[in-house]
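In: Here you go, sequence then predicted model.
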Amino acid sequence: MPQDNTVQSIERAINILEELAEEKEGLGVTELSRRLNLHKSTVHRLLSTLLSLGYVEQNPYSEKYRLGIKLLHLGGAILERMDLRKEAHDLLKELSDEVNEAVHLVVPDGNRALYIDKIDSSRTIRMYSQIGRRAPMHASAVGKAILAFSSEDFVRKVIDEGLEKYTSNTITDPGKLVEHLKTVRARGFAVDDEENEEGIRCVGAPIFDYSGRVIGALSISGATVTVTPDKVKTLAARVKEYAAKISRRMGWPLNK
């Protein structure tokens, strides 16, 4: 029984960290208790332990908890061994300088897309995205680029999880999403037309490894006032070109 309780405590602590990762301003004990369906005393006990270890920190004014700096050490260790990020970083910078928009690199993380690198543009408008955050597969250019070249089983898994509506443009109908992914696959790029965040348009393309398996995606993102519909075709050509360059560094056949 003690062993079972220990394992359960670890699972609950990880659930707390995952909830905090989604909230930039942090969460209080009451909200975490509600979200995780746990008693407040249990949440408080777990938070106290995480706080003492440096994995969470508490705002002394709002009393809300957020992720601690110590997690950067763990995340940095993982990122350092991710060859994709190492191989792609200079190309992300090159592409961002060329188009003067934010450029993102993601990999699949369960049923979502995880940002592992990002280059901001020199524009005053900054994207809300950040390294370590996750994007919905069905409502992002990078996610749809990955989905379009993934197995039917994986697409079904994402659909079964639920197609959450983020804006009025989000595709929430399973049949429409499947048909949309066919178009993405045929043209080799995906567009997030204010589907994840209002006022933001993104163009993404898949990245493949030596076996031809999709392992990530690259995107150009910006405000709709700069990434206008008439620029999509041009940006799509650039993002496809750079995604192919990264794929080749990962061993993708040169004749592709």
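Out: Perfect, I can see it now.

In: Distance check, the nearest residue to Val56 once chain neighbours are set aside against Tyr65.
Out: Of all residues not flanking Val56 in the chain, Leu50 sits nearest, at 4.3 Å (CB to CB, 6 or more residues apart in numbering). From N, CA and C alone the C-beta is placed, and that goes for glycine too. Here the criterion is CB to CB, to the nearest Å. By it, Leu50 lies 8 Å from Tyr65.

In: Also Leu51?
Out: 7 Å.

In: Looking only at neighbour counts, state which of those two leads.
Out: Taking other CB atoms under 10 Å, Leu51 and Tyr65 do not tie; Tyr65 has more neighbours (26 against 14).

In: isn't the more buried one right up against Gln58?
Out: Yes: look at Tyr65 against Gln58 with CB atoms under 8 Å: they come within range, at 5.2 Å.

In: Need the overlap of contacts for the two.
Out: Residues touching both Tyr65 and Gln58 by CB atoms under 8 Å, 6 or more residues apart in numbering: 47, 51.

In: ok, back up a step: pull up the overlap in contacts between Leu50 and Tyr65.
Out: Common neighbours of Leu50 and Tyr65 (CB under 8 Å, 6+ apart) are Val56.

In: what's the overlap in contacts for Leu51 and Tyr65?
Out: Taking CB under 8 Å, 6+ apart as the contact rule, Leu51 and Tyr65 both touch 57-58.

In: in the longest helix along the chain, what counts as buried?
Out: Looking across the chain with DSSP state H, the single longest helix is helix 2-21. For helix 2-21, a neighbour-count test (16 or more other CB atoms under 10 Å) marks 12-13, 15-17, 20 as buried.

In: and what of stretch 183-191?
Out: Neighbour-count burial for stretch 183-191, counted by 16+ other CB under 10 Å, picks out 184-185, 188-191.

In: does Leu17 really touch Leu67, like I thought?
Out: Yes: Leu17 is within contact range of Leu67, at 6.8 Å (criterion: CB under 8 Å).
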